[in-house]
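Q: no FASTA, just this:
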């Protein structure tokens, strides 16, 4: 029996980190903006061309990613032009890179064209293909979720339990 089923860990928590992260980046345009930022695209027009996002949608996503702390605005001015902003990844944004690579690798495995993935990632220093691994703190390779045990963390806040006879569902 799993811990959740045995009652050691609630099935639903009020402060789930996955839910909170998805509230910020859990839709297509945010991920595509971040993809381009990881590729070094910084300017609005270049971001729009690379993502195909409608202007208003892109503007809203960039604003949200800046407000949430994943991107920061850096002003620039082309000669003879008005001041504009570039968008650069913050440390918070950079820390999403392993997640983006994992999502890309999943897509490569299950959704790529017959010819293979559209993009291959290699180490700039030596040219070897990029690999992604999970290891525990003692250095053991972790193959997947069946080798992981979730435990309640120090910040766990289970949802309030409805009292018998109260309204709601």
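A: Arrived safely. Note that the structure is predicted; figures quoted are calculated from it, not measured. Residues are numbered from 1 along each chain as shown.

Q: Could you list the low-pLDDT ranges of the protein?
A: Within the chain, the segments meeting pLDDT under 70 span 1-11, 161-169.

Q: Strands of that one, start to end?
A: Counting by DSSP state E, the chain has these strands, from start to end: 71-77, 83-89.

Q: in the lengthiest helix in the chain, what's buried?
A: The helix that spans the most residues within the chain, counting by DSSP state H, is helix 97-111. Neighbour-count burial for helix 97-111, counted by 16 or more other C-beta atoms under 10 Å, picks out residue 104. Where you see a C-beta, it was placed from the backbone N, CA and C, and this is true even at glycine.

Q: Please enumerate residues in contact with that helix?
A: Among residues not part of helix 97-111, those counted as contacts by C-beta atoms under 8 Å, 6 or more residues apart in numbering are 31, 34-35, 38, 116-117, 119, 121, 130, 132.

Q: Go through those and name the one nearest residue 92.
A: residue 34 (11.1 Å; C-beta to C-beta).

Q: most packed of the strands of the chain?
A: Neighbour counts (mean count of other C-beta atoms under 10 Å) averaged over each of these peak at strand 83-89, with a mean of 15.

Q: just checking, what packs against that strand?
A: Helices and strands touching strand 83-89, by 3 or more C-beta pairs under 8 Å, 6 or more residues apart in numbering; DSSP states H and E, are helix 28-38, helix 44-51, helix 55-67, strand 71-77.

Q: just those: most buried one?
A: helix 28-38 (a mean of 18).

Q: what angle do that one and strand 71-77 make?
A: 60 degrees (axes from the mean of the first three to the mean of the last three C-alpha atoms, to 10 degrees).

Q: chain center to helix 28-38: distance?
A: 9 Å (C-alpha atoms, centre = their mean, to the nearest Å).

Q: what's that helix packed up against?
A: Secondary structure elements in contact with helix 28-38, counted by 3+ C-beta pairs under 8 Å, 6+ apart, are helix 17-25, helix 44-51, helix 55-67, strand 83-89, helix 97-111.
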